[in-house]
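Chemist: Give me a 3D structure for the following:
(chains A and B)
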There are 2 protein chains.
Amino acid sequence: MFEQLGLIGCGLMGGSFALALKRAKLVKRVVGYSKSPSTTERARQLGVIDVAAPSALLAVSGADLVLVAVPVAASEATFKAIRHGVSSDTLVMDVGSTKGDVIEAARRGLQTQFASFVPAHPIAGKEVAGVEHAEASLFDGRQVILTPTKTTLRSNVQRATQLWTAVGAQVLTMTPQEHDSAFAAVSHLPHLLAFAFINGIAEQPDGARMLERGGTGFRDFSRIAASDPAVWRDILLANREQVLLQSQAFRKTLMQFEALLAAGDAQALEEAIEAARRTRSQWRG
Amino acid sequence: MFEQLGLIGCGLMGGSFALALKRAKLVKRVVGYSKSPSTTERARQLGVIDVAAPSALLAVSGADLVLVAVPVAASEATFKAIRHGVSSDTLVMDVGSTKGDVIEAARRGLQTQFASFVPAHPIAGKEVAGVEHAEASLFDGRQVILTPTKTTLRSNVQRATQLWTAVGAQVLTMTPQEHDSAFAAVSHLPHLLAFAFINGIAEQPDGARMLERGGTGFRDFSRIAASDPAVWRDILLANREQVLLQSQAFRKTLMQFEALLAAGDAQALEEAIEAARRTRSQWRG
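Modeler: Numbering: from 1, shown residues only, chains lettered A, B, ... in the order given. Predicted structure coming up:
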């Protein structure tokens, strides 16, 4: 049981975390702060937070649990702002989709309190943003990945694991590097490909007419191209080294397919497609 | 009302067409032929066809309506086999996903009877193949694209339009070139990208572990990578000129995204993502 959650960023993720903790009776009081006062006020009216703080530092003052749920690009400024409210007894976490850059931001921002920080990435979300869509069940049955560093307090990793488990999530631990390369491959790259796919067609003279012919395959393949631009700008930039590596590797594989097509090599083409079919069919999804 | 449907290829598409015609009471008798005698026999047992013919030619003898529903690579041999059973009173159609190559196959195969052929592409299907999955409602509310050539009998185009409309489909007419370039962009290219995406990850040393991290975005984006290898080998090869053009155009757009990422140009990156988001959000799907 925590005395006080200091919530920085009262949006969909932060708000759902607060509601999930309340549902599990894991926290006595939630003090929230958002950059926009109207968001903080809405969170209070909705009962997501109990007290609206006028600053990030005041939200974490007296908190034994802190969640930083802000856009990844705002991480460093946020950690800097709360540093003097964090002690070695505080458990600090984030919810960012990239970890290497957030860890660096936390190192610079939290300085001597960096060991209190347990980097966390809940694989959960919705197509819609905002505290009004927050819900206590957002993490039920979802994965949460913790990426502690060598200096992260072991006791805090343990508390974080228990906490996420108690709100219904399944906790995995990996290194920040493993996390960022895996998500570059299976999440950031497909978004990049979907954006490029849609723009590449739309820019053609006949593009609008072509798009009208899209069927169910097109619909599912391109769904993520409608994701939030500011969020994905930040994620792609935050993890750009790994994303660029994955994009280049992808282009190499695509050019191998093009070579088989150009050569009319039916057998090798079928084998390559069969390899993809087998991998995708065996995927747990 | 047609006297006899000669059905060549009693699979999902051909079988569903026969059932849809029967449901609409548009045909008196369906005579079917499949390369595999066991498929033909199963179609007869299921009531999809009334008579199992021992050859393609015998299936079309006496037919005033012929549907060629075979893999696109088998088109020319099929048209050749049925030529002497086709007259200028017969309406002949196919169901192929590419049109330029099927039209050339029909021209060579049907020769003097080529004008009877109305190239057709029903935008319908299922993830599962086989006559046991055929159903009369497969074309309900779906688009069927007709791509007549200059020599195609206008009366047959009209009969084809009425027939597909009567089985519940919405008929569109375009040139074979328009068809093949549009479907290269919105159907064949995404399949190629999905195959390359899956193989590109699976081939990495850590690939299997990365794939386990895939979430709902990954699931939808890569669903079509599990498509039938023989079918997609044929489609990609049949339309390879247009597919290669689209793939090259896609790579160019992807490299523009990579350049923005490498330069850390946040504003231009957000604008490019916003363009994709707007296009995809406005899509009818």
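Chemist: okay, now the domains of chain A?
Modeler: A:2-174, A:178-282 (automatic domain parsing).
Chemist: Provide the secondary structure category for the most centrally placed residue in chain A.
Modeler: The centroid of chain A falls nearest to residue A:97 when counting by C-alpha atoms, centre = their mean (2.8 Å). Three-state call for residue A:97 (DSSP: H, G, I helix; E, B strand; the rest coil): coil.
Chemist: That one and residue A:79, how far apart?
Modeler: 17 Å (C-beta to C-beta, to the nearest Å). From N, CA and C alone the C-beta is placed, and that goes for glycine too.
Chemist: Likewise for residue A:198?
Modeler: Computed as C-beta to C-beta, the residue A:198 to residue A:79 distance reads 35 Å.
Chemist: Give me the buried stretch members for stretch A:51-63, please.
Modeler: Residues of stretch A:51-63 classed as buried: A:52, A:53, A:56, A:57, A:58, A:59, A:60, A:61, A:63 (neighbour count, 16 or more other C-beta atoms under 10 Å in any protein chain shown).
Chemist: Phi first, then psi, for the closest residue to chain B within the stretch 1-150 of chain A.
Modeler: Across the stretch 1-150 of chain A, the shortest distance to chain B (C-beta to the nearest C-beta) belongs to residue A:123, at 5.2 Å. The phi/psi pair for residue A:123 (degrees, to the nearest 10) reads phi -90, psi 70.
Chemist: In this structure it contacts residue B:214, no?
Modeler: No: using C-beta atoms under 8 Å, residue A:123 is not in contact with residue B:214, being 9.5 Å away.
Chemist: More neighbours: which of those two?
Modeler: The neighbour count for residue A:123 versus residue B:214, taken as other C-beta atoms under 10 Å in any protein chain shown, is higher for residue B:214 (23 against 19).
Chemist: Isn't the more buried one up against residue A:189?
Modeler: No: contact between residue B:214 and residue A:189 fails when scored by C-beta under 8 Å: they sit 11.0 Å apart.
Chemist: Poorly predicted segments of the stretch 151-285 of chain A, please.
Modeler: Filtered on pLDDT under 70, the stretch 151-285 of chain A yields the residue ranges A:285.
Chemist: Now do the strands in it.
Modeler: Secondary structure of the stretch 151-285 of chain A (DSSP state E, counting those that start in this stretch): strands at A:170-173.
Chemist: just the helices in it please.
Modeler: For the stretch 151-285 of chain A, the helices defined by DSSP state H, counting those that start in this stretch occupy A:154-166, A:176-183, A:189-202, A:207-211, A:216-222, A:229-238, A:240-263, A:266-282.
Chemist: now swap in the stretch 1-150 of chain A and tell me
Modeler: A:12-23, A:37-45, A:56-60, A:75-82, A:100-110.
Chemist: just to revisit the earlier point, setting the sequence-adjacent residues aside, check what's closest to the residue nearest to the centre of chain A.
Modeler: Closest residue to residue A:97 apart from its sequence neighbours, by C-beta to C-beta, 6 or more residues apart in numbering or on different chains: residue A:235 at 5.0 Å.
Chemist: isn't the one you found right up against residue A:99?
Modeler: No: Residue A:235 lies out of contact with residue A:99 (C-beta under 8 Å); the separation is 11.3 Å.
Chemist: if we can go back for a sec, okay, the helices of the stretch 1-150 of chain A in CSV with mean pLDDT next?
Modeler: Shown next, in CSV, are the helices of the stretch 1-150 of chain A (pLDDT from 0 to 100):
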stretch, mean pLDDT
helix A:12-23, 97
helix A:37-45, 96
helix A:56-60, 98
helix A:75-82, 98
helix A:100-110, 97
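Chemist: Present the ones you listed as CSV; the columns should include distance to residue B:92.
Modeler: Formatted as CSV, these follow (distance: least, C-beta to C-beta, whole Å):
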stretch, distance to residue B:92
helix A:12-23, 56
helix A:37-45, 64
helix A:56-60, 73
helix A:75-82, 65
helix A:100-110, 61
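Chemist: Can you say which of the ones you listed is nearest to residue A:142?
Modeler: helix A:12-23 (10.5 Å; C-beta to C-beta).
Chemist: what's in contact with the closest one?
Modeler: A:2, A:5, A:7-8, A:10, A:27, A:30, A:32, A:43, A:46, A:48-49, A:67, A:69, A:95, A:122, A:124-126, A:128-131, A:133-139, A:163, A:167-168 (C-beta atoms under 8 Å, 6 or more residues apart in numbering or on different chains).
Chemist: Pull out the buried residues from those.
Modeler: Among those, those scoring as buried are A:2, A:5, A:7-8, A:10, A:27, A:30, A:32, A:43, A:48-49, A:67, A:69, A:95, A:122, A:124-125, A:131, A:134, A:136, A:138-139, A:163, A:167-168 (criterion: 16+ other C-beta under 10 Å).
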